[in-house]
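Asker: got a structure for you, letters missing:
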Ligand SMILES: Cc1ncc(COP(=O)(O)O)c(C=O)c1O
């Protein structure tokens, strides 16, 4: 089987008609990179409304780690739909959310007891983490990274810093966020080189931010992506997170790890931060967790998630259908050894790109 299978030059007539209608009725704020109008998707193949078929390297923007319409996930969704669709975890209880929180406590890094707050999206997971950090520490300020993407609501947008268009005309955002350069060795923002740089990107936070203008007593947390996604798929160098953790421990700052994109097995481990053996205090999860159904989760050490009734909630957060899908996703990831497959495919791509780099040299 060879892909793509093109039966009509894209965008075909049905796609063009729907795009014209979209332009009339749908918000123009979305950034469409090319005119794919989806008719159906299965496993890693996506079909457009004119019958063209493609291998889906978009993965529904990093959501379909177990493949489109994974039969186990679809079964779990159908079974849950026949029981109940919604009953607000905010005011009542149901087993799907409780069981998912238990599973998330198991798979997130670190042995400590953990608790989960459920929202509906990545940005809500970040908002929850930021609010929780303020609640727990009673401190107002945060450190984030240049080129980060954490979402588009007013709190998460205060951390997002990868394209001017994301922020243009929306200020003032949540105050109190300082941005520092991300550890990006290939295009080092400090124009330094490993290993001679001696991890200046980590020391910079201590020497130029905490010692100069952000008193650590006022800083609640450092929020980071363990691999920057939108910022260019940037993998930090080996010791960066260990150094960041040392700074956080020394100055009593929380570490909030945004695994919205890199989590749920995408890098060969449940969470990318596991490659550096560092345990964050709060970890944000969304995208692939429920295989395309809306969900967001902020998982924190139990002793940090100490906020009290009424401090934060969401009507739809932890919807039972999304939770049932997520429970199936976690089973499928494990049983079908999809993390091993991600490692295998990653190694293959890295080897191929090394070869092409050598050929180009
Ligand atoms: C790392 C990261 N954090 C947060 C978000 C925001 O997630 P959502 O679009 O579900 O609000 C994204 C979305 O792309 C992301 O990649």
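Answerer: Everything's here; your move. Since the structure is predicted, the reported quantities are computational estimates derived from the model, not experimental observations.
Asker: near the ligand, which residues of the stretch 101-250 of the chain are found?
Answerer: When proximity is defined as Cβ under 6 Å from any ligand atom, the stretch 101-250 of the chain approaches the ligand at 121, 122, 123, 126, 149, 150, 151, 225, 229, 230. For the C-beta atoms, the positions are set from N, CA and C on the backbone; glycine is no exception.
Asker: just give me the neighbour total for the nearest residue to residue 105 once chain neighbours are set aside.
Answerer: Nearest non-adjacent residue to residue 105, counting by Cβ to Cβ, 6 or more residues apart in numbering: residue 114, 4.1 Å away. Residues within reach of residue 114, counting by other Cβ atoms under 10 Å, total 23.
Asker: ok, residue 114 - contacts?
Answerer: By Cβ atoms under 8 Å, 6 or more residues apart in numbering, the contact set of residue 114 is 104, 105, 108, 299, 300, 301, 302, 305.
Asker: so what's the residue count around the residue of the chain found nearest the ligand?
Answerer: Taking Cβ to the nearest ligand atom, the ligand has its nearest neighbour within the chain at residue 122, 2.2 Å off. With neighbours defined by other Cβ under 10 Å, the count for residue 122 comes to 27.
Asker: my read is that it contacts residue 290, right?
Answerer: No. Judged on Cβ atoms under 8 Å, residue 122 makes no contact with residue 290 at a distance of 11.9 Å.
Asker: all the strands of the stretch 251-361 of the chain, residue numbers only.
Answerer: Assigned by DSSP state E, counting those that start in this stretch, the strands in the stretch 251-361 of the chain fall at 254-258, 282-285, 296-301.
Asker: buried set for stretch 299-311?
Answerer: 299, 300, 301, 304, 305, 307 (16 or more other Cβ atoms under 10 Å).
Asker: from the chain's centroid, how far away is it?
Answerer: Distance of stretch 299-311 from the chain centroid (Cα atoms, centre = their mean, to the nearest Å) equals 21 Å.
Asker: what mean pLDDT does that stretch have?
Answerer: For stretch 299-311, mean pLDDT rounds to 98.
Asker: can you list contacts of that stretch?
Answerer: Stretch 299-311 has contacts (Cβ under 8 Å, 6+ apart) with 104-105, 108, 110, 112-117, 129, 131-132, 135-136, 254, 281-283, 285.
Asker: what do you get if the cut-off is 10 Å, keeping everything else the same?
Answerer: With contact meaning Cβ atoms under 10 Å, 6 or more residues apart in numbering, stretch 299-311 is reached by 90, 101, 104-105, 107-110, 112-118, 125, 128-129, 131-137, 221, 254, 256-257, 259, 271, 279-285, 298.
Asker: quick one, which of these are buried?
Answerer: 101, 104-105, 107-109, 114-118, 125, 128-129, 131-137, 221, 254, 256-257, 259, 271, 279-285, 298.
Asker: tell me the confidence at the residue nearest to residue 105?
Answerer: 98.
Asker: how about the contacts made by residue 51?
Answerer: Applying Cβ under 10 Å, 6+ apart, the residues near residue 51 are 5, 6, 7, 8, 12, 14, 39.
Asker: thanks a lot, catch you later.
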